[in-house]
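what's the 3D shape of this:
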Amino acid sequence: MRATFNIDGILKTVDLSKPLDLSIPLRASEKNPEAWYLKPPKIEPVKMDDWVAKVSEGASVNFNNIAFNPHAHGTHTECVGHISEEFYSVNEALKTFFFSAEVISLVPEKIGEDQIIPACEIKSALENRNPEAIVIRTLPNTSEKKERHYSNTNWPYLHEEAALLLREKGVKHLLIDLPSVDKEKDEGKLLAHKAFWNYPEKPRYQATITEFIYVPNQVKDGSYLLNLQIASFHNDATPSKPVLYKFI
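So this is what the prediction gives:
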């Protein structure tokens, strides 16, 4: 199935039967990725007295409760409500779901004990392109990212000036393969979040950040169509399923 999109006045075609899924499935397992010092998600059948909602135990249906944290347990999309005193729902922030996107791969720069993604690397990778969305893949890139436990690892993070550059270039949707765009322990400064969302000066309420993605190596750097799918949670963040499509 092919579809044609008008992107900046240029007609571009994609094959919708060939999606490139960037999401990490949520599993009730130690192999589920984790961050922010939380234990794995729980997916358990409802229990009422002696009745267990599991077909293999005599029930007519499987009927599970799921307990997880969207920020800590996998691919999620968040809005400015993640850092604001006022409540804002990501379900209200994201009303359209297809965007022009650029995939870029970057090696974080070692500075002391930190690994930082600087503005100069992003500027060089994007050149003169101004996509609606940017997908950042950090290198090295291995499938181990889909099971990694990030707590107390001081993961790489986006420099404040890099987030500001993306905002100035008009990028509305930032996607990255890390638990957060910010440093794990930064005393609550959240510099990259605040710079990207322009908070609190003039918040960009329709801009989103998607974290904990995984970009397979077969997805090459370049231009794509992004379909940013979210679950309809009335919350600052929601599990999400970003999907790329190559232009034909």
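
Going by residue numbers, what spans are helices in this protein?
For the chain, applying DSSP state H gives helices covering 90-93, 119-126, 160-168, 191-197.

Out of the ones you listed, the one nearest residue 105 is which?
Smallest distance to residue 105 across these (Cβ to Cβ): 7.8 Å, for helix 119-126. (Each C-beta comes from the backbone N, C-alpha and C, glycine too.)

And the closest one, what's buried?
Buried residues in helix 119-126, defined by neighbour count with 16 or more other Cβ atoms under 10 Å: 119, 121-122, 125-126.

nearest to residue 240, of those?
Closest to residue 240, out of all of those and judged by Cβ to Cβ, is residue 122, at 22.0 Å.

Quick check: that closest one touching residue 164?
No - with contacts counted by Cβ atoms under 8 Å, residue 122 stays clear of residue 164, the gap being 10.5 Å.

re earlier: what would the helices of the chain look like in CSV with distance to residue 45?
Formatted as CSV, those follow (distance: least, Cβ to Cβ, whole Å):
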stretch, distance to residue 45
helix 90-93, 28
helix 119-126, 46
helix 160-168, 42
helix 191-197, 37
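
most packed of the ones you listed?
helix 191-197 (a mean of 23; mean count of other Cβ atoms under 10 Å).

Using CSV, write down the CA coordinates of it.
Extracted in CSV, the C-alpha atoms of helix 191-197 (Å, rounded to 0.1, in the frame of the first residue of the first chain):
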residue,chain,number,x,y,z
LEU,A,191,18.2,21.8,31.1
ALA,A,192,17.6,20.0,27.9
HIS,A,193,13.9,19.5,28.6
LYS,A,194,13.4,23.1,29.5
ALA,A,195,15.4,24.4,26.5
PHE,A,196,13.5,22.3,24.0
TRP,A,197,10.1,23.2,25.4
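
From here on, call the first residue 51.
From this message on, residue numbering opens at 51, which makes the last subject helix 241-247.

what's that helix in contact with?
130, 132-133, 207-214, 216-217, 224, 231-232, 249-250, 253-254, 257, 259 (Cβ atoms under 8 Å, 6 or more residues apart in numbering).

Which pLDDT value belongs to the residue of the chain positioned farthest from its centre?
In terms of distance from the mean C-alpha position of the chain, residue 100 ranks first, at 40.4 Å (Cα atoms, centre = their mean). pLDDT, residue 100: 93.

Thanks again, I'm all set now.
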